[in-house]
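Q: One predicted model, sequence on top.
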Amino acid sequence: MKYIRSIITLGCLAAVAATSGAQGFRSGTGITDIMRAGPRLGPPAARPSTAPAAAPVQRSAEFIVALVNSEPITNTDVQTRVSRLIKENPDAERVPRGELTRLVLERLITERAQLQLAKENGIKVDDVAIDQAEQTVARQNEISLVELRRRVAAEGIAQQDFRNDLRDQLLLTRLRDREVESKVKISDAEADEYLRDQRNQSVKNAALENLNLAQVLVAVPENATDAQVAAAQKKAQDLAQRARAGEDFAKLVRENSDSPDRANGGAIGMRSADRYPSLFVEATQSTGVNGIAGPVRSSAGFHVLKVIAKAQIGSGDATVTQTQVRHILLLNDPKRTTAQAVAQLAEFKRRVQAGTADFAGLARDNSQDGSAKDGGDLGWSRPGQFVPEFEEAMDRLAPGQISDPVVSRFGVHLIQVVGRRDSKLSQSEQREAARTALREQRVEEAFTTWVQEVRARAYVEYRDPPQS
């Protein structure tokens, strides 16, 4: 299945693209950040070998190739990753096998050093957070959790190995937040300078554009027959023709789309182009506002796209989709497990939906953050303002809807969307948007340096070179 791509292997893909610098990949990228690049799901990272270091007899394919602070990386670990990388990305086949193997080994060493540091810092990820991450992967691939597990098994990946991979990714994300992101600050002067630079761009760059797109998805099942693909394509073409003829796009979405965002009329929201799949950006690049593009084919199926709005970042008429949201937060607490917090918030949701409790009242009495006094109200937010776990859940809600409990690095949230609007940004809001964009750049730079420092501090002993 060509769209099943390894979450951790993405680091190696970045290294292959540059043919060097494997340590610079953003290994702390969150699950939902990865999904912004398009539907995919991932096989597991290679796990540490449980074989003793000095077994009496070793098969030629299984031996230790390196030690990272006394923790072994085996030849099988390396070759498994190399095989998956080649399977998932044709570009990898053009890299000499020896160079590819070296990059993969260095990548594994860097990952292992970071995971050890996370453990030393007491960073933990419980099963509830992994359950949520697994559901996110399924949702972003437009499939059910049952189908996700079936496809993972079909790839020859044990379910526990897949969950271990998700755990590692969450650990690395939380380590990144603690060691890098929290320490990067952007001043007002730096944000204002960034805005001026964007306004002075003489050549329009699509990557600097904000887009608001809506979609109808006609899903194509895995292993679809030619007849099924043709039928799905014809349905998508008919829907595109109806949309171009003036039919209500939101109504077409609600009645025909296979995407989870159909409750919102298919609207994905105003955000920078780099936060959309490149397929969508390319398809709509020459399409005007209110225009229809597609259908375009992805691994999930056929997409019919409508351009709701376009705006240049930093321009005076820049607009974004804002969401008014409130939440109830239960912090991570040694006296209360994540599962208990999830159960408590699920009961709150049941009571609100049954009409026996008010969300704002429950927030005032129970939420463990500064918004409690305001009934959990977080005001009007813009894309990128919240952590990915929170925002991904928020974006799927229509006004008035309440999420299931959402686990983040801060605790467990119950989220309610109050309203949604497209709004021009005030000067202060543009500054905050610029601060966010500039901060993301600085975090990437700081993360690259930090990863190199972690790698340099690790004791690495190379043993026999990996062999196919």
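A: Looks like it arrived, so ask away.
Q: Could you list the low-confidence segments of the chain?
A: By pLDDT under 70, the weakly predicted segments of the chain are 1-61, 90, 142, 198-209, 260-265, 269-270, 311-320.
Q: Strands of that one, start to end?
A: For the chain, applying DSSP state E gives strands covering 64-68, 71-74, 209-219, 267-272, 292-297, 301-312, 319-331, 377-381, 406-407, 411-424, 460-462.
Q: Can you name every helix or strand that the longest one contacts?
A: Pointing back at strand 411-424 there. Identification of packing neighbours for strand 411-424 by 3 or more CB pairs under 8 Å, 6 or more residues apart in numbering; DSSP states H and E yields strand 319-331, helix 338-354, strand 377-381, helix 388-395, strand 406-407. For glycine as for every other residue, the C-beta is placed from the backbone atoms N, C-alpha and C.
Q: closest to Val460 out of those?
A: With CB to CB, the closest approach to Val460 among the helices and strands packed on strand 411-424 belongs to helix 388-395: 31.5 Å.
Q: in the closest one, what counts as buried?
A: Residues Pro388, Glu389, Phe390, Glu391, Glu392, Ala393, Met394, Asp395 are the ones in helix 388-395 that count as buried (16 or more other CB atoms under 10 Å).
Q: now that helix, how far from the chain's geometric center?
A: Counting by CA atoms, centre = their mean, to the nearest Å, helix 388-395 is centred 10 Å from the centre of its parent chain.
Q: quick one, that helix and strand 319-331 angle?
A: Counting by axes from the mean of the first three to the mean of the last three CA atoms, to 10 degrees, helix 388-395 lies at 120 degrees to strand 319-331.
Q: I'd like to know which elements helix 388-395 is packed against.
A: If you count contacts as 3+ CB pairs under 8 Å, 6+ apart, helix 388-395 packs onto helix 31-35, helix 127-140, strand 319-331, strand 406-407, strand 411-424.
Q: got the CA coordinates for that helix in CSV?
A: Coordinates of each C-alpha in helix 388-395 appear next as CSV, following Å, rounded to 0.1, in the frame of the first residue of the first chain:
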residue,chain,number,x,y,z
PRO,A,388,-1.7,20.0,17.5
GLU,A,389,-3.7,17.4,19.5
PHE,A,390,-6.1,20.1,20.7
GLU,A,391,-6.4,21.8,17.4
GLU,A,392,-7.0,18.6,15.4
ALA,A,393,-9.9,17.7,17.6
MET,A,394,-11.3,21.3,17.6
ASP,A,395,-11.2,21.6,13.8
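Q: Contact partners for Leu148?
A: Counting by CB atoms under 8 Å, 6 or more residues apart in numbering, Leu148 touches Leu41, Glu134, Val137, Ala138, Asn141.
Q: Swap in 6 Å and give it another go.
A: Counting by CB atoms under 6 Å, 6 or more residues apart in numbering, Leu148 makes contact with Ala138.
Q: any idea how far it is from Asp165?
A: In this view, Leu148 and Asp165 are 13 Å apart by CB to CB, to the nearest Å.
Q: Could you do Val460 as well?
A: Distance, Val460 to Asp165, using CB to CB: 22 Å.
Q: And the two? Which one has more around it.
A: Each of Val460 and Asp165 has its neighbours counted (other CB atoms under 10 Å); Asp165 has more, 23 against 16.
Q: quick one: the more buried one from Glu181, how far?
A: Distance of Asp165 to Glu181, given as CB to CB: 22 Å.
Q: Same question for Val65.
A: 32 Å.
Q: More neighbours: the two, which one.
A: Remark: of Val65 and Glu181, Val65 carries more neighbours, 22 against 17, as counted by other CB under 10 Å.
Q: Reformat the helices and strands packed on helix 388-395 as JSON lines; add mean neighbour count.
A: Converted to JSON lines, the helices and strands packed on helix 388-395 look like this (neighbours: other CB atoms under 10 Å):
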{"stretch": "helix 31-35", "mean neighbour count": "20"}
{"stretch": "helix 127-140", "mean neighbour count": "19"}
{"stretch": "strand 319-331", "mean neighbour count": "23"}
{"stretch": "strand 406-407", "mean neighbour count": "24"}
{"stretch": "strand 411-424", "mean neighbour count": "20"}
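Q: Tabulate these (JSON lines), appending distance to Ala230.
A: What follows is the helices and strands packed on helix 388-395, written out as JSON lines (distance: least, CB to CB, whole Å):
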{"stretch": "helix 31-35", "distance to Ala230": "28"}
{"stretch": "helix 127-140", "distance to Ala230": "26"}
{"stretch": "strand 319-331", "distance to Ala230": "35"}
{"stretch": "strand 406-407", "distance to Ala230": "39"}
{"stretch": "strand 411-424", "distance to Ala230": "37"}
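Q: Grab the nearest non-local neighbour of Ala153.
A: The spatially closest residue to Ala153, leaving aside those adjacent along the chain, is Gln159, at 7.0 Å (CB to CB, 6 or more residues apart in numbering).
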